[in-house]
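Peer 1: Structure, please.
(one chain, ligands or ions: 2)
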Amino acid sequence: MSDERRPLADLAASLVQDVPDFPEPGVVFKDITPLLADGAALKAVVEDMASRAPGPIDLVVGMEARGFILGAPVAVALGAGFIPVRKAGKLPRETLAGAYELEYGSAVLEVHPDTIRDGSRVLVVDDVLATGGTAAATVALLEKAGGVVVGLSFLMELTFLGGRDRLPGRPLDVLLSY
Ligand SMILES: O=P(O)(O)OC[C@H]1O[C@H](OP(=O)(O)OP(=O)(O)O)[C@H](O)[C@@H]1O
Ligand SMILES: Nc1ncnc2[nH]cnc12
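Peer 2: Residues are numbered from 1 along each chain as shown. Ligands and ions are numbered 1, 2, ... in the order given. The predicted structure is shown next:
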């Protein structure tokens, strides 16, 4: 990590709380709500994510639900559109769907493919990269819909869960590593 990014990383880390055994025994849940509640920290994190985008971005994609919280303001900061990738059954029109596994369960993600113009440069934003199941399923959906995923940006990575290995060759940006 660059020296200039260190103060932001320290601030963000101080505002993430560990919650043991949530949502199930053995999982240490990284709770970002204290960070979200701190206006200066939230602004700094969003601006940092936007500033590290790899080149021009047409669309920012956020995954339900925490990916919406960070993704939408990053999209606004970049002047890009925002695409919600939602859990099954929430989007009202024709969807593309993909199943995936995560640290504490499995689910299905969906997107409205007609909101992604062919060849759009897409940045994926989420709070946590854990097993990488959510991110890998999202990349697959976006590429099927015609987008070009040029990067993924996460507030934090749980390195011991190996999510990076499910995103080989993808440009990843992470502020905090655990
Ligand atoms: O790398 P993975 O193992 O896939 O885990 C990461 C995902 O898990 C969390 O979302 P969650 O599905 O818990 O939903 P939420 O944002 O609605 O809480 C987090 O916000 C990521 O999207
Ligand atoms: N340990 C964890 N804490 C918060 N979000 C997560 N998503 C997947 N694993 C997580």
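
Peer 1: Could I get the contacting residues of R93?
Peer 2: Applying Cβ atoms under 8 Å, 6 or more residues apart in numbering to R93 gives the contacts 112, 114. No exception for glycine: its C-beta is placed from N, CA and C like everyone else's.

Peer 1: try 6 Å this time
Peer 2: H112 (Cβ atoms under 6 Å, 6 or more residues apart in numbering).

Peer 1: ok, now A99?
Peer 2: Listed by Cβ under 6 Å, 6+ apart, the contact partners of A99 are V108.

Peer 1: Partner strands of the helix or strand where it lies and their direction?
Peer 2: If you go by DSSP states H and E, A99 is part of strand 96-102. Paired neighbours of strand 96-102 in the sheet (DSSP bridges): strand 105-111 (antiparallel).

Peer 1: quick one: is the helix or strand that comes right after the strand it pairs with near ligand 1?
Peer 2: Next helix or strand after strand 105-111 toward the C-terminus (DSSP H and E): strand 121-129. Yes. Among the residues of strand 121-129, 126-129 lie within reach of ligand 1 under Cβ under 6 Å from any ligand atom.
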